[in-house]
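J.: The following block contains a protein sequence and its predicted model.
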Number of protein chains: 2
Amino acid sequence: MVVRERLAELNIAGVVSATGLIAHGRGEAFDYLLGERTTSDALLAEKVAVAYMLEAKNPVISVNGNVAALCPEEIISLAETIPARIEVNLFHRVEGRVEKVVAHLEAAGAKKVLGRNLDARLEGISSDRALCTSEGIFSADVVLVPLEDGDRAEALARAGKIVLAIDLNPISRTARAATVTIVDELTRALPNMIRSVADLREDVPERRRLISSFDNMTNLKRMVQAICSHLQTD
Amino acid sequence: MVVRERLAELNIAGVVSATGLIAHGRGEAFDYLLGERTTSDALLAEKVAVAYMLEAKNPVISVNGNVAALCPEEIISLAETIPARIEVNLFHRVEGRVEKVVAHLEAAGAKKVLGRNLDARLEGISSDRALCTSEGIFSADVVLVPLEDGDRAEALARAGKIVLAIDLNPISRTARAATVTIVDELTRALPNMIRSVADLREDVPERRRLISSFDNMTNLKRMVQAICSHLQTD
């Protein structure tokens, strides 16, 4: 309830779009179906994602209005500890909204947020959804996309990037396009990821073991099973 | 997409609340999991609900902001053909919002909409959620609640009313509290219901057969199975 009120307030403030509120509701439904908990498979996916980020040359965290609204502190903390860049990428690019989202992150303590000046384009998606920054997402080898839409996730994968998605819908196009899909609620996933950084920072063999033993299709299948068991036993 | 834009516009106009947008998203997720179609079980539940409405002495359709926004014409058409009363009942009673929702229905052609003067209370729910009208929901024997929350659905059932719910979540409290739960998307369910009225208006034996042979727990179990098969074969 507190989360919903915060989103409603930030909708009025222009950080969260109406479509963002509806998308949040979709996430709520899937989280409800998972029992509103981090499953052991989700926790494993969170560790694998951190392993990829620590192995990356230029990891970037893509942030939209909902992500900025829901957990600005955790995004900043993860970006600082990896370290990774933060780039604001909106689905609904209304005039002035990028500035509002960047300002919201800066008010929470973010130092250098990319996304004000979009000087590069991803291949294969239309119009302004393709825009990104050359020092951020365009040149990234690993991109964490919390709550991303399918078109962009697929374009990032086609561009050869390692895509780490946080998406509560295990059968979404984003979930399928990603290298690692964390099927968990964002405000639970990020603290888990931040904790894993400490464990994995010095442990290169464990990072590589996590990466090489992970299969995203198996992961997604298990998440579907978790939803069905919760639905049927409830 | 058109639906989302209409909801976003009516959110700005004060008919749909921010919480209503989030709730719409939850519905979208469940509808997606059902394959965005009316299953044969949902169609049966729609017929049974119409049978109950035609058998009723004082049937009432409870309408909230989302329902008024999504399908005012269909609500009015169903109310006229049964005939049933329409009562506006909001989850978020912000000053002036009832008037906006009533005006929205009247602009679509509704003649006499109840809900401006709430002069009765349901037992067992707190504060203003308990309010209703004495000539409408309070004295109704059958209430159709599209997109209702669990507290009110349970209070209506405890008050001895036949509760007909339209709810895409087959494991929600509303779905379980109802006598008949239509697990279908509102804009598909209402036209199906309107069509059934013609078939059932003169056929009293068929109405009673439909009512006596329907079991809501079996219905809900089948809807859960439909979701799981769609998730696992997709």
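T.: Looks like it came in fine. Numbering: from 1, shown residues only, chains lettered A, B, ... in the order given.

J.: Burial check on A:Asp41, number of neighbours?
T.: Residues lying near A:Asp41 (other Cβ atoms under 10 Å in any protein chain shown) number 20. All C-beta spots, glycine's among them, are computed from the backbone N, C-alpha and C.

J.: any idea which element the nearest residue to it once chain neighbours are set aside lies in?
T.: Excluding its sequence neighbours, the residue lying closest to A:Asp41 (Cβ to Cβ, 6 or more residues apart in numbering or on different chains) is A:Arg222, at 4.6 Å. A:Arg222 is part of helix A:216-233 when elements are defined by DSSP states H and E.

J.: Need the pLDDT of A:Val142.
T.: Here the pLDDT value assigned to A:Val142 is 98.

J.: What score does the closest residue in space to it that isn't next to it in sequence have for pLDDT?
T.: Spatial nearest neighbour of A:Val142, chain neighbours left out: A:Ala56 (3.7 Å); criterion: Cβ to Cβ, 6+ apart. For A:Ala56, the pLDDT comes out at 98.

J.: I'd say A:Ala56 and A:Leu164 touch.
T.: No. Checked against Cβ atoms under 8 Å, the pair A:Ala56 and A:Leu164 is beyond contact range at 9.7 Å.

J.: and for these two, which residues touch both?
T.: A:Val142 (Cβ atoms under 8 Å, 6 or more residues apart in numbering or on different chains).

J.: Which part of chain A gets nearest to chain B, residue-wise?
T.: Residue of chain A nearest chain B, by Cβ to the nearest Cβ: A:Gly25 (2.2 Å).

J.: What about that residue, how many residues nearby?
T.: If we define neighbours as other Cβ under 10 Å, then A:Gly25 has 22 of them.

J.: That one contacts B:Phe30, doesn't it?
T.: No. Taking contacts as Cβ under 8 Å, A:Gly25 lies outside contact range of B:Phe30: 10.3 Å.

J.: Run through the strands of chain A in chain order.
T.: Ranges of strands in chain A, per DSSP state E, are A:59-63, A:85-88, A:113-114, A:120-121, A:131-132, A:142-146, A:162-166, A:180-182.

J.: out of those, which comes closest to B:Ala69?
T.: strand A:142-146 (29.2 Å; Cβ to Cβ).

J.: Give the pairing partners of that closest one; include direction for each.
T.: strand A:59-63 (parallel), strand A:162-166 (parallel) (DSSP bridges).

J.: which one of these lies closest to A:Ala45?
T.: Taking the strands paired with strand A:142-146 one by one with Cβ to Cβ, strand A:162-166 is closest: 8.7 Å.

J.: what does that closest one contact?
T.: By Cβ under 8 Å, 6+ apart, strand A:162-166 touches A:49, A:52-53, A:56, A:141-148, A:153, A:156-157, A:174-175, A:177-182, A:184, A:186, A:189.

J.: Filter the residues you listed down to the buried ones.
T.: A:49, A:52-53, A:56, A:142-148, A:153, A:156-157, A:174-175, A:177-182, A:184, A:186, A:189 (16 or more other Cβ atoms under 10 Å in any protein chain shown).

J.: where's A:His92 relative to B:Thr133, distance?
T.: A:His92 sits 40 Å away from B:Thr133, taking Cβ to Cβ, to the nearest Å as the criterion.

J.: The two - which one has more neighbours?
T.: B:Thr133 (21 against 14).

J.: what's the more buried one in contact with, if anything?
T.: B:Thr133 neighbours (Cβ under 8 Å, 6+ apart): B:Glu87, B:Leu114, B:Gly115, B:Asn117, B:Leu118, B:Asp119, B:Ala120.

J.: How far away from the center of its chain is stretch A:173-181?
T.: Remark: stretch A:173-181 is offset 11 Å from the chain centroid, using Cα atoms, centre = their mean, to the nearest Å.

J.: So is that stretch next to chain B?
T.: No. For stretch A:173-181 and chain B, the contact criterion (Cβ under 8 Å from any Cβ of the partner chain) is not met; the two come no nearer than 10.2 Å.

J.: Now do that stretch, average pLDDT.
T.: Averaging pLDDT residue by residue across stretch A:173-181 gives 97.

J.: Just the residues contacting that stretch, thanks.
T.: Residues contacting stretch A:173-181 (Cβ under 8 Å, 6+ apart): A:45, A:48-49, A:52, A:145, A:148-151, A:153-154, A:156-157, A:162-167, A:169-170, A:183, A:214, A:216, A:219-220.

J.: quick one: the closest residue to A:Arg85 other than its chain neighbours from A:Arg201, how far?
T.: Spatial nearest neighbour of A:Arg85, chain neighbours left out: A:Val60 (4.7 Å); criterion: Cβ to Cβ, 6+ apart. Separation of A:Val60 from A:Arg201 (Cβ to Cβ): 19 Å.

J.: Please say which of the two ends up with more neighbours.
T.: A side-by-side neighbour count of A:Val60 and A:Arg201, using other Cβ under 10 Å, places A:Val60 first with 29 against 13.

J.: Could you list which residues are in contact with the most centrally placed residue in chain A?
T.: The residue lying closest to the centre of chain A (Cα atoms, centre = their mean) is A:Pro146, at 1.4 Å. Contacts for A:Pro146 (Cβ under 8 Å, 6+ apart) come out as A:Ile61, A:Ser62, A:Val63, A:Asn64, A:Val67, A:Ile75, A:Ala165, A:Ile166, A:Leu186, A:Ala189, A:Leu190.

J.: ok, and the closest non-adjacent residue to it?
T.: Nearest to A:Pro146 is A:Ile166, by Cβ to Cβ, 6+ apart, at 4.0 Å.

J.: Count residues in the vicinity of the one you found, would you?
T.: 29.

J.: what's the distance between it and B:Ala175?
T.: 29 Å.

J.: same question, A:Ala18
T.: For A:Ala18 relative to B:Ala175 (Cβ to Cβ), the value is 27 Å.

J.: go on, A:Arg121?
T.: 46 Å.

J.: same question, A:Arg116
T.: For A:Arg116 relative to B:Ala175 (Cβ to Cβ), the value is 46 Å.

J.: How about A:Lys112?
T.: A:Lys112 is 48 Å from B:Ala175, by Cβ to Cβ.

J.: A:Leu7 too?
T.: 25 Å.

J.: cool, A:Glu135 as well?
T.: Distance from A:Glu135 to B:Ala175, by Cβ to Cβ: 50 Å.
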